[in-house]
Each structure stands twice: as C-alpha cells, then as structure tokens.
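A.B. asks: Coordinates for the following, if possible.
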Amino acid sequence: MKFFVTDLLPANLKSNPLSYFCNAPELDVSSETFSFKPFSVVSLAAEISEVKFPSEKLLGKQAEFLFEHVLNQSTAYQLLASNVQIQGPTETLGELDYLVHATKTEEVKHVELACKFYLLDKGLGSDLIQQWIGPNRKDRLIDKLEKLKSKQFPMLFAPETKAVLDSLAIAATHVEQQLCLKAFLFLPKGVKRNALPENFRKCVVGTYITPSEFTEHPTAQYAFPQKKEWLLPPAQLSNWYTYEDALVHLKKCMHERRSPLVYKKTESALEKFFVVWW
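C.D. replies: The predicted structure follows:
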C-alpha cells in the first residue's frame, strides 16, 4: 500500500506538527452501544499557526499538547478546563480531559481525547471493533472504548465532580459528551482498505509486515522514528538509512521484541508501515 507524499502532507502543511496533527484521521466509533459522537478538529486546521513540537513528552502528552493548542487558537471553541482531576476523600478518582465551550451554539462539551496506533488482527474476534491492537500487542481498541464508556465518561456525573462543575457554572445534565479519537490504522499486507467500512477505511495510513517481508529497494531510504516522533510530519525526520543500515536496526528491534514504525521513501512515494516481531 503506497501513499504518495502529497497524500500524507498537504502542500502548505508539510512541516507543521500542529497542522499535521489536526489533519490526522479521526475514527468515528459511535454506535447503538457506544453513544458518544465524534469531536473533530480537522476543520480547525486553517486557523492554526506553527508551534514547537514537544519532543520531550510521551506520545499521549504530545497529543494533549497539540489538541489544546488547536482549541486555544480556534475561534470556534473556548477551552474552559483541561485534565480536570476529580478527587475523592483519599485518592484521585479520575479526570475529565476537556471541558469546551462552542462559541456558535453556546454548548458546553466534555471531550475525551485518545491518540492511537492500531493494527488489524482478524484472529482477535469476530467483530471488526475487536480486531484492532497496538503494534506491540499491549493495547486494544475494544478495551479503550470500554474504559471510556464505563469509567471516563461517567466521571462527569460523579458526586465528587459537582464542585468542579459548579465553579465553572456548568450543569452536568447540559453537557454533551464527545470523543476525539485520532486513529492511525494499519492493515496486514494484502488486505485492501476498501474491505472496511468507511469510518475505518478513512483512518488507514499504512500496512504492517513481518521481517521476512522487509525486502530491498535499490534507491529507497528508510526512517525509524522513535515513538516520541510518531506524530511528527515525515518531513521533519532527520535520520534516513540505506536498506543495509535499516536491516541492522530492524534486527535489533526484533531481538528486543519491539515493532518499529518505518517510513520508506523513494523519489515518487512515501510508504508507512510497521514491522512486527510477533
């Protein structure tokens, strides 16, 4: 599965991490059993300027940083509060990711943010929603949705949350709850994205392969971004390797049982894929 450079990088946004994040695919998982509608920031991309990428932060914290900057630069929303800690008598019960005011409709929204990289493994269940798992098999989409549904979204209505909402003059019953799920989906080599429903199909950004499928291309260059670089535009990656050097790096990853994200760059195209150890 090849993605031409212009597909991944809008012409005027080739190196802006904030715009790159803003335009990243968003997965709509709303259904009869998961009633939370999607919250999108894609339409806000035109309003934002550049920002220094927080390379020292972990990926989840990078996503929060970028998301907050998008909201703060937008005229469509006002960020009322972020990462609101809900305290019990002896411990922290949880937190609300974001409380947001929509300037046009005057609505208040409770938005939960997730930024995930998932690979399709049909052996994980009969339903598509069960078949997505992280590259190192430590995180599943179905588990994340269950946590959101059973713990994170209900926190808005916990008795301990009322004092926080009162301080912001917000009534929980008047708040709409939404999910912003930035989802980067990868398919096994040979599986066509057209076989997926549209909401999943539009989030497919690459494939995944086994080490034996990592074959040589005479003129290609390869990059192995660290996890803290996964949200960077490829144009900002500085270390590109020949196939021989890439193979050495790949063998090290396999020995460590770590599935690396790889970019393969030729004159005409840019491919994005994981090489899995399992």
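A.B. asks: Report all helices and strands that the host helix or strand of residue 185 contacts.
C.D. replies: Assigned by DSSP states H and E, residue 185 belongs to strand 175-188. The contact analysis (3 or more C-beta pairs under 8 Å, 6 or more residues apart in numbering; DSSP states H and E) places strand 175-188 against strand 37-38, strand 108-120, strand 204-209. Heads up, the C-betas are built off the backbone N, CA and C, glycines and all.
A.B. asks: Identify each buried residue in it, please.
C.D. replies: With burial defined by 16 or more other C-beta atoms under 10 Å, the residues of strand 175-188 counted as buried are 175, 177-187.
A.B. asks: same deal with stretch 57-74?
C.D. replies: Within stretch 57-74, the residues scored as buried using 16+ other C-beta under 10 Å are 59, 62-71, 74.
A.B. asks: hmm, back to that, strand 108-120 and the strand holding residue 185, what's the angle between them?
C.D. replies: Computed by axes from the mean of the first three to the mean of the last three C-alpha atoms, to 10 degrees, the angle separating strand 175-188 from strand 108-120 equals 10 degrees.
A.B. asks: Could you name whichever residue is most remote from the centre of the protein?
C.D. replies: Centroid-distance maximum for the chain: residue 89 at 33.7 Å, with C-alpha atoms, centre = their mean.
A.B. asks: Please determine how far that residue is located from residue 164.
C.D. replies: Distance from residue 89 to residue 164, counting by C-beta to C-beta, to the nearest Å: 16 Å.
A.B. asks: for residue 116, same thing?
C.D. replies: Counting by C-beta to C-beta - residue 116 and residue 164 are separated by 27 Å.
A.B. asks: hmm, back to that, any idea which of the buried residues of strand 175-188 is closest to residue 244?
C.D. replies: Nearest to residue 244 among the buried residues of strand 175-188 is residue 186, at 25.0 Å by C-beta to C-beta.
A.B. asks: Kindly state the beta-bridge partners for the closest one.
C.D. replies: Residues in a beta bridge with residue 186, per DSSP bridges, are residue 119, residue 206.
A.B. asks: isn't it right up against residue 207?
C.D. replies: Yes - between residue 186 and residue 207 there is a contact under C-beta atoms under 8 Å: 5.8 Å.
A.B. asks: anything in contact with each of those two?
C.D. replies: Common contact partners of residue 186 and residue 207 (C-beta atoms under 8 Å, 6 or more residues apart in numbering): 273-274.
A.B. asks: Quick one: the helices in the stretch 151-278 of the chain, in order.
C.D. replies: Taking DSSP state H, counting those that start in this stretch to define them, one finds helices in the stretch 151-278 of the chain at 162-167, 198-201, 243-255.
A.B. asks: Please work out which of these is packed deepest.
C.D. replies: helix 198-201 (a mean of 16; mean count of other C-beta atoms under 10 Å).
A.B. asks: okay, that helix in PDB with CA atoms only?
C.D. replies: Only the C-alpha atoms of helix 198-201 are listed here, as PDB (Å, rounded to 0.1, in the frame of the first residue of the first chain):
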ATOM      1  CA  GLU A 198     -15.900   3.900   5.600                       C
ATOM      2  CA  ASN A 199     -15.300   5.100   9.100                       C
ATOM      3  CA  PHE A 200     -12.400   2.700   9.500                       C
ATOM      4  CA  ARG A 201     -11.200   2.900   5.900                       C
END
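A.B. asks: and stretch 81-98, how far out from the chain's middle?
C.D. replies: Between the mean C-alpha location of stretch 81-98 and the chain-wide mean there is a distance of 23 Å, by C-alpha atoms, centre = their mean, to the nearest Å.
A.B. asks: Mind listing what's buried along that stretch?
C.D. replies: Quick answer for stretch 81-98 (16+ other C-beta under 10 Å): 81-82, 84, 86, 94, 96-98.
A.B. asks: Now pLDDT, secondary structure and distance to residue 51 too, for these, in JSON lines please.
C.D. replies: As requested, these are exported to JSON lines (pLDDT from 0 to 100; DSSP: H, G, I helix; E, B strand; the rest coil; distance: C-beta to C-beta, whole Å):
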{"residue": "81", "pLDDT": "97", "secondary structure": "strand", "distance to residue 51": "21"}
{"residue": "82", "pLDDT": "98", "secondary structure": "strand", "distance to residue 51": "16"}
{"residue": "84", "pLDDT": "97", "secondary structure": "strand", "distance to residue 51": "23"}
{"residue": "86", "pLDDT": "97", "secondary structure": "strand", "distance to residue 51": "29"}
{"residue": "94", "pLDDT": "96", "secondary structure": "strand", "distance to residue 51": "28"}
{"residue": "96", "pLDDT": "98", "secondary structure": "strand", "distance to residue 51": "24"}
{"residue": "97", "pLDDT": "99", "secondary structure": "strand", "distance to residue 51": "19"}
{"residue": "98", "pLDDT": "99", "secondary structure": "strand", "distance to residue 51": "18"}
